[in-house]
Each structure stands twice: as C-alpha cells, then as structure tokens.
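Novice: sequence first, then the predicted structure, then my questions.
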Amino acid sequence: MSEAPGFDTHRRLSAVTTRSDGALPLTVVLVRHGATPLTEAGGHSGSDGPGPSLTARGRLQAAQAADAAFRIGRAARTGAGSTGGMRSGGLWPDLPRPTVLVASPMVRTQETAVAVGRRLGLHVANEPRFAECRLGEWDGLTAAEIEQGWPGELAQWHATGTFVPPGGESYTQLGARVWDGLTDLLAGGVDRTVVAVGHAVQIRTAVGQALGAPASHWARLRVPPASLSVVRLWEDGTTEVTAVGVPTDG
Ligand SMILES: O=C(O)[C@H](O)COP(=O)(O)O
C-alpha cells in the first residue's frame, strides 16, 4: 500500500469495527490547518478574530493534507466510459470515502478547507463550534510573552483543563462545544466519513474525549499542522481513536 507523497501515517486503521448489521461508525477525520506566521513564530492563535492566513509552507501542507484526504478509502472508478479514470485510494482503505467537509470559520482553516474541498469535490460547511479555543488577552502572543504577563497561567491552562485564560476559554469549555458539534455530525448518520478542518487545541479536545482521557491530559496530545487524526463515533456513545497521520515536512 503506498502513501500520498509527503504524508506519513504512523498508525493505520487495522480492523474496522462493524455493528451486527454491518454498519460502520461515523468516522471524523480531524485535519489541522497548515502553518501560519504565528505557528512558525511559536505564537498562540485563538479565535478572537479572523486570525492569520497560511504561509507558503502552510499552503503546501494544506495541499498535502488534501492529497491524503483524497486517498482515504478504496480505489474507485470515477466518471463513466472512456472518460472515467481510477481514483487512487489506499490511505485507510477500510473507511468510506469522505462525503462531508466542515471547517472552523477562521481564515487559516477556511484556506486549508478550500484546498481539501477542491481535491475532494466537496463544498465547505462552516462549523463555528470547531473554532479554536478563545485565548482572550493571550491571543497572538508567544509563550514567553504570556509567561511574562501572566506568570504560571499558560502551564495551568494546559495542565488543569479547567483554568480559564483572561477573556478566553478553558480546555473543558472548548471541549463541550466541540463535542456538541461532533454529536450533531453523528445525528447525520453513521457509516460515513466526515472531514473536519480545525485547530490544535480544538482537535486535542475531540481526540482526548474520544479516548476518554481526563481534560488535564488533553494538552499532552501533539497535533502538528496539517495532521489528520481519526476518531470514530457510535450512536450509543462508544468511541474509537484509530489513526494519526502527519505531513512529513511538518
Ligand atoms: O495555543 C496554541 O497552540 C494555538 O491555539 C494553536 O492554534 P492553531 O491550531 O489554530 O494554530
């Protein structure tokens, strides 16, 4: 099985769990946006404004993530007759091909989602509940700047899950709205794959909750730019976290 160039999956979907009627869960492929000037400078970008655009490297990473998303599922014939061609599959071939694309409304996620949507032939639907954590007064600052102005608080925000930054949100508050958004996607039915373009902290809360991990551990999850994290949800509340892929130059 070959991988998309520039994309490495370090864990594969092995056995896909099915229900007794053969149905698959809802699979949500959480894609982080490509790099921005703030990502590259070690700054923290929240969702208090539209936020920065992707850098040239970020656009390349978005294209890599789009290629990876395009390859999810089995190879299939596209078009008809002599004009038809084989669409390459092979990245997590047991998954249904993505049929829905949602994205946080921030500029960096919309730009990434447009690249993914163009590759998948899907329209981008906005999901404000998948916007990044609101950082309030910390928005746009580096870790060193936050440490200088609010000693110890950045560490508390990451390590407790409940600490609320000035004017912002805690991991737990963010996690509640993210889970709400995932639950609504689940209401649209199982047995399908949705691609959701979002953010580092937002994706941590989704994966952390799918793992059943306490909020105080969510910050330990690494979510590189343009990475793909796969969570699967069942209507009975059962969840699975099955694979993570990262762009090789990320
Ligand atoms: O604090 C952080 O790490 C940032 O909020 C990351 O957000 P982003 O994924 O939107 O860049």
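Specialist: Received it, and whenever you're ready, just let me know what you need.

Novice: next, L221: phi, psi?
Specialist: Torsion angles at L221 (phi, psi; degrees, to the nearest 10) stand at phi -80, psi 130.

Novice: now swap in the one 4 residues further on and tell me
Specialist: Note on P225: its backbone torsions stand at phi -50, psi 140 [degrees, to the nearest 10].

Novice: burial count for it?
Specialist: By the criterion of other Cβ atoms under 10 Å, P225 has 27 neighbours. In this view, the C-beta of every residue, glycine as well, is placed from N, C-alpha and C.

Novice: just say helix, strand or coil for D180.
Specialist: Put simply, D180 is helix when judged by DSSP: H, G, I helix; E, B strand; the rest coil.

Novice: show me what contacts the nearest residue to it once chain neighbours are set aside?
Specialist: Among residues not flanking D180 along the chain, R129 sits closest, at 5.7 Å (Cβ to Cβ, 6 or more residues apart in numbering). With contact taken as Cβ atoms under 8 Å, 6 or more residues apart in numbering, R129 is in contact with 177-178, 180-181.

Novice: which of the residues you listed ranks first by neighbour count?
Specialist: Highest neighbour count within the contacts of R129: V178, with 29 neighbours (other Cβ under 10 Å).

Novice: any idea how far it lies from the ligand?
Specialist: 13 Å (Cβ to the nearest ligand atom, to the nearest Å).

Novice: thought that residue was touching T205?
Specialist: Yes - using Cβ atoms under 8 Å, V178 is in contact with T205, at 4.9 Å.

Novice: count of residues packed around the closest residue in space to G34 that isn't next to it in sequence?
Specialist: Closest residue in space to G34, ignoring its immediate chain neighbours: G58 at 3.2 Å, by Cβ to Cβ, 6+ apart. Counted with other Cβ under 10 Å, the neighbours of G58 add up to 23.

Novice: is V29 bridged to anything, and to what?
Specialist: Counting by DSSP bridges, V29 forms beta bridges with V195, V230.

Novice: ok, it - contacts?
Specialist: With contacts defined as Cβ under 8 Å, 6+ apart, the neighbours of V29 are 69, 72, 98, 193-196, 228-230.

Novice: export these to JSON lines and tack on neighbour count?
Specialist: Below are those laid out as JSON lines (neighbours: other Cβ atoms under 10 Å):
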{"residue": "A69", "neighbour count": "28"}
{"residue": "I72", "neighbour count": "26"}
{"residue": "P98", "neighbour count": "22"}
{"residue": "T193", "neighbour count": "22"}
{"residue": "V194", "neighbour count": "23"}
{"residue": "V195", "neighbour count": "26"}
{"residue": "A196", "neighbour count": "28"}
{"residue": "L228", "neighbour count": "24"}
{"residue": "S229", "neighbour count": "25"}
{"residue": "V230", "neighbour count": "24"}
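
Novice: count of residues packed around A56?
Specialist: 9.

Novice: from the ligand, how far off is G49?
Specialist: Distance, G49 to the ligand, using Cβ to the nearest ligand atom: 12 Å.

Novice: mind checking how far the residue most central in space within the chain is from A159?
Specialist: The residue lying closest to the centre of the chain (Cα atoms, centre = their mean) is L30, at 2.5 Å. The gap separating L30 from A159 is 22 Å, by Cβ to Cβ, to the nearest Å.
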